[in-house]
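In: Dropping the sequence and predicted coords here.
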Amino acid sequence: MALDEGEMLVRELSRTMTRTISTWSLVEPGDRIMVALSGGKDSYTLFDLLWRAHARAPFDFELVGVHLDQGQPGYDGAPLVGWLERFGKPFEIVHRDTYSKVIEVVPAGKTYCAACSRMRRGILYDVAERLGCNKIALGHHRDDALETTLLNLFYAGRLQAMPAIYTTDDGRFRVIRPLIECAERDIADHAVRVGYPILPCNLCGSQDGLRRDRMTALLDELERDNPHVRSVMLNALRNVQPSHLLDPAVRRVEVPAKAPRGLPLHRAADDDA
């Protein structure tokens, strides 16, 4: 029986995510993973696909979704809570008024992103510890990684993207990004088809001229000339030549012909199931 477009898209997203998980050993036996749920398309997709992967995995691991209500004016988390209840998997809603604090500390006319992110991160780390989680899963995708690379290149003067996995500064958790190689347009298409109840971000969405938006516009412009530019740029992040950079601290890294792979998150027989 032929698959419809929605099912084919889910399969493609799942395969890309599973490949990333396997390559970087993002999910391992015995993990207890807190999935950060913002109420946006990316975190819905991440939570959904991780549970699909869980059903196929040859080893046991745990997942719990956590959403942070930051006390924004007009916030209504009911659609997300309703979806989570219907989805039937473990979740927790955490209420913390970070909105008032962000408004207080950020000067007028400045973006809230950095301050909001720091506060949110600290709260989520504490929640993850309370829940006994050793890993935190975030919904960043390919376009986030490319935009971050450009932001660092143009405004910070460094070559830095987004890793698929890293250890928090305090050493408490491993943070994983299973969707980091998935295209945003595919995630957006999937979210519309499934009908996730998206929660708007009134705090940052009302601010104009965010640098990240400019990077998105730049990539869109480049894509008109080269339709595959985002894929090409992602490949560049996989194909680094340290000896051709101008940082004297960088030494040539000999990479094996084939990078070692982590534990597969699915049974080989299920590849085409």
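Out: Received, thanks. As the structure is a prediction and not an experimental result, all values here were calculated from the model.

In: tell me the SS of residue 125?
Out: Secondary structure for residue 125, judged by DSSP: H, G, I helix; E, B strand; the rest coil, is helix.

In: residues in contact with it?
Out: Applying CB atoms under 8 Å, 6 or more residues apart in numbering to residue 125 gives the contacts 136, 168, 170, 172-173. From N, CA and C alone the C-beta is placed, and that goes for glycine too.

In: Let's see if you can find the most crowded of those.
Out: residue 136 (22 neighbours; other CB atoms under 10 Å).

In: Surely that one and residue 34 touch.
Out: Yes - between residue 136 and residue 34 there is a contact at 5.0 Å, judged by CB atoms under 8 Å.

In: Need the residues touching each of the two.
Out: Common contacts of residue 136 and residue 34 (CB under 8 Å, 6+ apart): 124, 128.

In: ok, and what's touching stretch 44-59?
Out: 10, 13-14, 17-18, 21, 27-30, 33, 35, 37, 61, 63, 65, 83, 87, 89, 137-139, 178-179, 187, 190-191, 194, 196, 198, 263-267, 270.

In: Straight-line length of stretch 177-188, end to end?
Out: Length of stretch 177-188, first residue to last, CA to CA, to the nearest Å: 17 Å.

In: And that stretch, what's buried?
Out: Buried positions in stretch 177-188, judged by neighbour count with 16 or more other CB atoms under 10 Å: 177-184, 186-187.

In: Near residue 106, how many residues? Count them for me, please.
Out: Neighbours of residue 106 using other CB under 10 Å come to 15.

In: Show residues contacting the helix or strand containing residue 236.
Out: Taking DSSP states H and E as the criterion, residue 236 maps to helix 229-238. Contacts of helix 229-238 with the rest of the structure, by CB under 8 Å, 6+ apart, involve 142-143, 145-146, 149, 161, 181, 183, 219, 222-223, 226.

In: sorry, back to before: out of the buried residues of stretch 177-188, name the ones that lie in helices.
Out: Those of the buried residues of stretch 177-188 mapping onto helices are 184, 186-187, per DSSP state H.
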